[in-house]
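Visitor: Predicted model and sequence below, questions to follow.
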Amino acid sequence: MSYSNQPRQRRRSSFSSGLKLRLLLAGGIVLFSLISFWNKGQTNPVTGKVQRVDMTVKEEIMMGLQSAPQMGTPSRDRDAQNRVARIGEQLVSALNMDLTHRGISNPFRFEFTLLNDQRTVNAFALPGGQVFLTEALYRQLGDSQVAGVLGHEIGHVVERHSSERMAKGNLIQGLVSAAGVAGGGYDSSRIASYVGNVVNMKYGRQDELESDKWGVLLMAMAGYHPGAMMEVMDVLEKSSGGGGTPEFMSSHPRPANRKVYIEGLIKDLPPNVLQGLQR
Ligand SMILES: [Zn+2]
């Protein structure tokens, strides 16, 4: 009896030592991912917040400049392009003025490009300060609304959201592979990668609201009534109604929810800020 039991015992112990090894390995990966993530701490030169990012601001600017030509053909409408650049520069000067008051020099290099794209309603920013707006969105906006969209994109740059997301992506990848190793199977790693995506998405939404805040502040500082940001949300809502979802929306929270948030931000501004601002 004891004879026949032995092989089964051995099999079980080799199974449990395999599991132990996998857990040990997974633990090592988790530890390594977490340590390298926390070691990435950098103080944001503009906001003063400590962030986990992989790149320096200089590297962000270089990366942005390198990728800019691949973002699409610039608009042939010179007047429109000039108008976008002028509004963008007004927002940047307002930002710079505020930073100078606080003894900070702006390390980012902003440039505003109108893209010759009549179909996609979109605006986005590359790390470092390259900001883009499509003609399809531009044609639906007045000056103040353009300021709202560009101010929001400046917010993404200043908060270094893409760098943060890249660093988080590396962390999540580490954790996902650890889960794969620990579970020893495809299914658990698939579940883990799904969780990773959800976490990523949530960070994205937080980033959007943070950028809306910058948009509202920069608009007011540059002399545009931030109420126009609410109208931008209406434009986005409308363009999501007909046909496909615009890109600007797919990564952004629903405009209706953002409107409530933006309204709150405007209410929180000191009343004298809004005095004399034309909508
Ligand atoms: Zn955004």
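Guide: Ah, there it is. Numbers count the residues shown, from 1 in each chain.

Visitor: now what about stretch 214-222, what contacts it?
Guide: Identification of contacts with stretch 214-222 by Cβ atoms under 8 Å, 6 or more residues apart in numbering yields 90-91, 93-95, 97-98, 144, 147-149, 151-152, 154-155, 158-159, 225-226, 228-229, 262, 265-266, 269, 273-274, 277. For the C-beta atoms, the positions are set from N, CA and C on the backbone; glycine is no exception.

Visitor: buried subset of these?
Guide: The neighbour-count test (16 or more other Cβ atoms under 10 Å) marks 90-91, 94-95, 144, 147-149, 151-152, 154-155, 158-159, 225-226, 228-229, 262, 265-266, 277 as buried among the contacts of stretch 214-222.

Visitor: now the closest residue to residue 254 other than its chain neighbours: how far from residue 19?
Guide: Leaving aside its chain neighbours, residue 254 sits nearest to residue 237 (8.0 Å; criterion: Cβ to Cβ, 6 or more residues apart in numbering). Distance, residue 237 to residue 19, by Cβ to Cβ, to the nearest Å: 52 Å.

Visitor: In CSV, could you pull the C-alpha coordinates for stretch 162-171?
Guide: Output of stretch 162-171 as CSV, limited to C-alpha atoms (Å, rounded to 0.1, in the frame of the first residue of the first chain):
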residue,chain,number,x,y,z
SER,A,162,1.9,60.5,-22.4
SER,A,163,5.1,60.0,-20.6
GLU,A,164,3.2,59.0,-17.5
ARG,A,165,1.1,56.6,-19.5
MET,A,166,4.2,55.1,-21.1
ALA,A,167,5.8,54.5,-17.7
LYS,A,168,2.6,53.0,-16.4
GLY,A,169,2.4,50.9,-19.5
ASN,A,170,5.7,49.3,-18.7
LEU,A,171,4.7,48.7,-15.1
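
Visitor: Tell me how far it lies from the chain's centre.
Guide: Mean C-alpha position of stretch 162-171 versus that of the full chain (Cα atoms, centre = their mean, to the nearest Å) differs by 10 Å.

Visitor: mind listing what residue 45 touches?
Guide: Neighbours of residue 45 in contact, by Cβ under 8 Å, 6+ apart: 57, 104, 107.

Visitor: Now render these as CSV, adding distance to residue 168.
Guide: Converted to CSV, the contacts of residue 45 look like this (distance: Cβ to Cβ, whole Å):
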residue, distance to residue 168
57, 18
104, 26
107, 22
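
Visitor: Most neighbours among those residues, which one is it?
Guide: Among the contacts of residue 45, residue 57 has the most neighbours (other Cβ atoms under 10 Å), with 22 neighbours.

Visitor: you'd agree it is up against residue 105?
Guide: No: Residue 57 lies out of contact with residue 105 (Cβ atoms under 8 Å); the separation is 11.3 Å.

Visitor: Could you find the closest non-adjacent residue to the residue sitting nearest the centre point of the chain?
Guide: With distances taken as Cα atoms, centre = their mean, the residue of the chain nearest its centroid is residue 161 (4.2 Å). In space, and not counting its chain neighbours, residue 161 is closest to residue 207: 4.4 Å by Cβ to Cβ, 6+ apart.

Visitor: Where does the one you found fall, secondary structure wise?
Guide: helix 186-222 (DSSP states H and E).

Visitor: for residue 146, same thing?
Guide: Residue 146 is part of helix 143-158, with elements assigned from DSSP H and E.

Visitor: Please identify the buried residues of the helix or strand following that helix?
Guide: Following helix 143-158 in sequence order, the next helix or strand is helix 161-183 (DSSP H and E). For helix 161-183, the neighbour count (16+ other Cβ under 10 Å) marks 161-168, 170-172, 174-183 as buried.
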